[in-house]
Structure formats: structure tokens, C-alpha cells
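Here you go, sequence then predicted model.
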Amino acid sequence: MSTFEELAGLPGSGPWPEQFSATGRGTHREGFVVKFVPARGASWIGNFQPGLTSLHGVYRHPNRHHLLVVSGGQGYVVDPETRALIQTVGGAIQSVHIHAEHELLLLDHQGTDFEAIGRTGRAWRTRRLSWDGFGDLKIGKNEIVGKGWNAVDQRWQPFSVDVRTGRSSGGGYQLTDADDSEQLA
């Protein structure tokens, strides 16, 4: 199994770092720097350009092979063995919750909606649940519960999300016929 280490900055010597950017821009700047040590082959450095939040971290993908690197809210699924970018995720990820029981990474997108990354990639993404942020958030065995801000009523309204399917109910961002999620096989 590969390992990784978050670095304080780009090293002053050695091979050039691999550059990762969701937009193709900014690769001349220092971003979130991670050293990867694959199970086979030489170690390498990745330089990941940031998104729109202050979250930085590296998380093991539920498939146990890839890693999810979050640089300033921008997610990058990478293969540490081949140095390949598998996919980009989000841009404004505010928090990542590891849900071991269902083998999911639960992503909070700027306090408006959730996305689940499973063994084969995106498992689901909820509809928008809040105009601006979540309150009283609790992640349980099979359910996420909390409150979403309703800008029209100027109050918090409860919501729930089924962790297994992404189906949601309630919340502060209401649409007339939107009470389900983007579900993927």
C-alpha cells in the first residue's frame, strides 16, 4: 500500500513535481504539496492547485488504491502508483467525513449539498439543501441529519440524507419537485 506525506512547501532540489490543476491554470504556483511513496517504484511530489475553501488534506479512496487529495477545497483523485489524475471533484469542498461502515467519503460542498465517493467513484450527490451552510450536523450509521439555512424565511430548517442512496428530505433550499439526488450506478 502506498503512503503519503503532506509537505510544508515545494522541495528546493530533486525532480520536478507533478502538477495538478482542475482548470489547467496556476501550475507555475506552489499549491498543496504532497509526497507520495508508492508500494512499487520511486517516490514523487505532487503540487495541487487550490480551489475555493481552506480545506487541505489527503484521504484514502474507498477503493483502497487511489487517494483523494483536497487542495483548498478542490478535490483530485490520483493513482499514487502511476501518478495519474483519475478525476477532479468539487472546487469548494468544506469538509470530508470518512464513513467506514458504508465505505464512503462524504463531501460537504460549501455547506449547500453533499456528495458521496464510493469504491467505484461518485455514488450520489444530493440536491441543494441549504442556501448558506449547515447547522447541527450529525452523521450516523445510515443518515446525515442537520439544518439548512432558508434565506427566504431567514431560519434554519431540518433535513435528512440517506447515506446509502443520497435521497434527501427537508432543508432550507426548497424546490417544488426536487426531493431526490443524482444517483449513479
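That came through, no problem. Residues are numbered from 1 along each chain as shown.

where in the chain is pLDDT low?
175-185 (pLDDT under 70).

Show the secondary-structure elements that the host helix or strand of Lys147 is packed against.
Under the criterion of DSSP states H and E, Lys147 resides in strand 143-150. On a contact count with 3 or more C-beta pairs under 8 Å, 6 or more residues apart in numbering; DSSP states H and E, strand 143-150 meets strand 134-139, strand 155-162. (C-beta placed from N, C-alpha, C; glycine too.)

Of those strands, which stretch is the most buried?
strand 155-162 (a mean of 18; mean count of other C-beta atoms under 10 Å).

Could you export the strand or helix carrying Leu85 as CSV, CA atoms only?
Taking DSSP H and E as the criterion, Leu85 maps to strand 84-90. The C-alpha coordinates for strand 84-90 follow below in CSV (Å, rounded to 0.1, in the frame of the first residue of the first chain):
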residue,chain,number,x,y,z
ALA,A,84,-2.3,9.7,-13.0
LEU,A,85,-5.2,12.1,-12.3
ILE,A,86,-8.3,9.9,-12.3
GLN,A,87,-10.8,12.7,-11.8
THR,A,88,-11.4,16.1,-10.2
VAL,A,89,-14.1,16.6,-7.6
GLY,A,90,-15.8,19.8,-6.4
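
Quick check: next helix or strand after that strand?
From strand 84-90, the next helix or strand downstream (DSSP H and E) is strand 93-99.

The residue nearest in space to the middle of the chain and Ala123, how far apart?
Residue closest to the average C-alpha location in the chain (C-alpha atoms, centre = their mean): Leu107, at 4.5 Å. Distance of Leu107 to Ala123, computed by C-beta to C-beta, to the nearest Å: 11 Å.

show me the contacts for the nearest residue to Glu6 once chain neighbours are set aside.
Once flanking residues are discounted, Glu6 sits nearest to Val34: 5.7 Å by C-beta to C-beta, 6 or more residues apart in numbering. The contact partners of Val34, taken as C-beta atoms under 8 Å, 6 or more residues apart in numbering, are 4-7, 45-46, 48, 58, 69.

do the same with Ser130
Contacts of Ser130 (C-beta under 8 Å, 6+ apart): 111-113, 147-150, 159, 171-173.
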